[in-house]
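# coordinates for the following, if possible.
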Amino acid sequence: APSILTLHDLSPWAAGDRRAVAAGRIRRRTPFLLRLATMIVTPSEAIRHEAIEKFNLPPSRVVPIPLAAGPLFHPRSEPEIAAPLARLGVRPPYLLFLGARELRKNIPRLVAAWREARRERPDLSLVLAGRPAESSVQGPGLSPSVLNLEAEPGLIVPGVLDDGDLAALVAGAAVFVYPSLYEGFGLPVLEAMQSGVAAVISRDPALLEVAGVAAVAVDADSTSALARAIVELVRDPKRRLEYQQLGIRRASQFSWRRTAIRTREVYVEALRRF
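Got it, this is the predicted structure:
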């Protein structure tokens, strides 16, 4: 039968991926599935190129189809976000990271950059929203406290949130920070931009593809560059507003309707080719 495989990213092949059991199973099965599939979908052009190069795939079989942020993510007024933030114990101004606390998300560097930024803005909090790292993700030389962070003043780790609180938390952030070392798409960045929040990202190819010029991109390996980008946005409302507007315009170019249409086109093409 005709078949379609979605390849989200190539993280199981990354040197830093320590999910031994799951990653090993994916590495064993994926090459066979890639040969079997009539068509292959990736969430970004960056992953498409990476997959074609690594697995020697015919380019015509691999189609990038971007994701989109849901309608829940949109700009909100202060009264709209006041109750959810109070419920979560979060007070502006705060930086926000959204995602699993995995090695490749570069959380230790983000925390270090936040601490550096706090020298200029002592009132600036950091909120790390999302599920904690799995114990199997621990790498050599990394203690659990590196990824499952210990409490300190200004550092808020609310864990997994319901949709309403999450959307309010995103919309209320002063700056969204996503210094990931590797991504297949970077949906949280799109959700933040659609919420009217200025974003700082790493120069990961997929993140750059998603954000375009609508986010501040820095070297993921530089704590000082990350801290400097954060401070410049926090202390300059005019520049922050510029990136907020750029982000909203950029996010408007993505929609689940477009994703659905393009996905259906791939299914039709798979039927035609098989």
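
# can you give me the offset of the helix or strand hosting Val177 from its chain's centre?
Following DSSP states H and E, one finds Val177 within strand 175-178. Taking CA atoms, centre = their mean, to the nearest Å, one finds strand 175-178 lying 10 Å from the centre of the chain it belongs to.

# export only the CA atoms of that strand, formatted as CSV.
C-alpha atoms of strand 175-178 as CSV (Å, rounded to 0.1, in the frame of the first residue of the first chain):
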residue,chain,number,x,y,z
VAL,A,175,10.8,38.0,26.3
PHE,A,176,10.5,34.4,25.1
VAL,A,177,13.9,32.7,25.1
TYR,A,178,14.6,29.5,23.1
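
# tell me the strands beside it, with direction?
In the sheet containing strand 175-178, its partner strands are strand 94-98 (parallel), strand 199-202 (parallel), by DSSP bridges.

# which of those sits most buried?
strand 199-202 (a mean of 28; mean count of other CB atoms under 10 Å). Quick note: C-beta positions are derived from backbone N, CA and C, even for glycine.

# state the mean pLDDT of the very next helix or strand once past it.
Beyond strand 199-202 in the direction of the C-terminus, DSSP H and E gives the next helix or strand as helix 205-211. Average pLDDT, helix 205-211: 98.

# now stretch 106-125
Stretch 106-125 carries an average pLDDT of 96.

# so which bits of it are buried?
Judged by neighbour count using 16 or more other CB atoms under 10 Å, the buried positions of stretch 106-125 are 106-111, 113-114, 116-118, 121, 124-125.

# in TSV, list the residues you listed along with secondary structure and distance to Pro93.
Formatted as TSV, the buried residues of stretch 106-125 follow (DSSP: H, G, I helix; E, B strand; the rest coil; distance: CB to CB, whole Å):
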residue	secondary structure	distance to Pro93
Asn106	coil	22
Ile107	helix	20
Pro108	helix	22
Arg109	helix	21
Leu110	helix	16
Val111	helix	17
Ala113	helix	15
Trp114	helix	12
Glu116	helix	16
Ala117	helix	11
Arg118	coil	11
Arg121	coil	7
Leu124	coil	6
Ser125	strand	7
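
# report the buried residues of stretch 247-266.
Using 16+ other CB under 10 Å as the test for burial, stretch 247-266 gives Gly247, Ile248, Arg250, Ala251, Phe254, Thr263, Val266.

# what do you get for stretch 175-192?
The neighbour-count check on stretch 175-192 (16+ other CB under 10 Å) flags 175-192 as buried.

# filter those down to the ones in helices?
In helices, defined here by DSSP state H, the members of these are Leu187, Pro188, Val189, Leu190, Glu191, Ala192.

# out of the residues you listed, which comes closest to Ile4?
Nearest to Ile4 out of these is Leu187 (CB to CB; 20.2 Å).

# can I get stretch 211-226 in PDB, CA atoms only?
C-alpha atoms of stretch 211-226 as PDB (Å, rounded to 0.1, in the frame of the first residue of the first chain):
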ATOM      1  CA  ALA A 211      11.400  32.900  12.700                       C
ATOM      2  CA  GLY A 212      13.000  34.600   9.700                       C
ATOM      3  CA  VAL A 213      14.000  38.100  10.800                       C
ATOM      4  CA  ALA A 214      11.200  38.200  13.400                       C
ATOM      5  CA  ALA A 215      13.400  37.000  16.300                       C
ATOM      6  CA  VAL A 216      16.800  37.900  17.700                       C
ATOM      7  CA  ALA A 217      19.200  35.100  16.900                       C
ATOM      8  CA  VAL A 218      22.400  34.500  18.900                       C
ATOM      9  CA  ASP A 219      25.100  31.900  19.200                       C
ATOM     10  CA  ALA A 220      23.700  29.000  21.300                       C
ATOM     11  CA  ASP A 221      27.200  28.400  22.800                       C
ATOM     12  CA  SER A 222      27.600  32.000  24.100                       C
ATOM     13  CA  THR A 223      26.100  32.800  27.500                       C
ATOM     14  CA  SER A 224      27.200  36.400  27.200                       C
ATOM     15  CA  ALA A 225      25.600  36.900  23.800                       C
ATOM     16  CA  LEU A 226      22.400  35.300  25.100                       C
END
